[in-house]
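Undergrad: what follows is a predicted structure for the sequence shown.
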Amino acid sequence: MSTRTWEGLQIPAAGTYNLDAAHTNVGFSAKHMMVSKVRGKFEKFEGSVTIAENPLESSAQLTIQTESITTGVADRDGHLRSDDFLSVEKFPTITFQSTRVVSHSGDEFTVVGDLTIRDVTKPVELNVEYGGAGTNPWGMEVWGFTITTEIDREEFGLTWNAALETGGVLVGKKIKIEVEGEANPA
């Protein structure tokens, strides 16, 4: 792989890299009934990272197809696609566009960008862990990453909920997001 040394890391050469959908997971989790977590993921997405000569000037973008949400339970998935939540007919995509790299320490970076859900755009801060670079057995150059953040779903218009007889609500406000995967040269 075309890599270079930057501040002690072996990083990919400057250029544009596409997310490898076969080796990337766009997942999330939310509290359910105040006692457990429900996990899910989006199965259709595309994104890219443009690594700049100065890696701190790099950028990234991601587009997620909202209808591809899955939690493994058909009724719940249908509810998440409905107007109560993602309203996939009106809002077919969720998008992220980075605006800047705020800081880094070793292989960990803080990236800020604009997240748009249901036509509501808010800045979010991502924790990005660079996983390294290499060449797979078939000669394809790859590099890996893990991205985590947490959002308040109500800030994006996802306000549906139900009160519980025992107190609290059915669906937690905080959504943890984790994107783990690989990228390849565009």
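TA: Thanks, I have it.

Undergrad: all contacts plus neighbour counts: C-alpha atoms, from now on.
TA: Will do.

Undergrad: for Pro92, give its distance to Ile69.
TA: 11 Å (Cα to Cα, to the nearest Å).

Undergrad: look at the two and report which has more neighbours.
TA: Between Pro92 and Ile69, counted using other Cα atoms under 10 Å, the more crowded position is Ile69 (21 against 17).

Undergrad: any idea what that one is bridged to?
TA: Phe42 (DSSP bridges).

Undergrad: returning to that earlier point: so what sits against both of Pro92 and Ile69?
TA: Listed contacts common to Pro92 and Ile69 are nil; contacts here mean Cα atoms under 8 Å, 6 or more residues apart in numbering.

Undergrad: can you report how many residues lie near Arg118?
TA: Other residues within reach of Arg118, judged by other Cα under 10 Å, total 19.

Undergrad: which residue, neighbours along the chain excluded, lies closest to it?
TA: If the residues on either side of it in the chain are set aside, Arg118 comes closest to Phe91, at 5.5 Å by Cα to Cα, 6 or more residues apart in numbering.

Undergrad: residue contacts, the one you found?
TA: Going by Cα under 8 Å, 6+ apart, Phe91 touches 66, 117-119.

Undergrad: could you do Phe28 as well?
TA: Phe28 is in contact with 39-41, 175-178, counting by Cα under 8 Å, 6+ apart.

Undergrad: let's go with 10 Å and repeat that
TA: By Cα atoms under 10 Å, 6 or more residues apart in numbering, the residues touching Phe28 are 37-42, 71, 148-150, 175-179.

Undergrad: where exactly do the helices run in the chain?
TA: 74-81 (DSSP state H).

Undergrad: now the strands: where do they sit in it?
TA: Assigned by DSSP state E, the strands in the chain fall at 3-6, 9-12, 15-19, 25-32, 36-42, 45-51, 59-65, 69-70, 93-105, 108-117, 120-135, 141-152, 171-185.

Undergrad: so which of these is nearest His79?
TA: strand 69-70 (10.5 Å; Cα to Cα).

Undergrad: buried residues of stretch 116-129, list them for me.
TA: 116-118, 121, 124-129 (16 or more other Cα atoms under 10 Å).

Undergrad: what's the most distant pair in the residues you listed?
TA: Pairwise distances across the buried residues of stretch 116-129 peak at 27.8 Å for Arg118 and Glu129 (criterion: Cα to Cα).

Undergrad: which residue is the nearest non-sequential neighbour of Glu150?
TA: Glu150 sits nearest to Lys176 (Cα to Cα, 6+ apart), 4.4 Å away.
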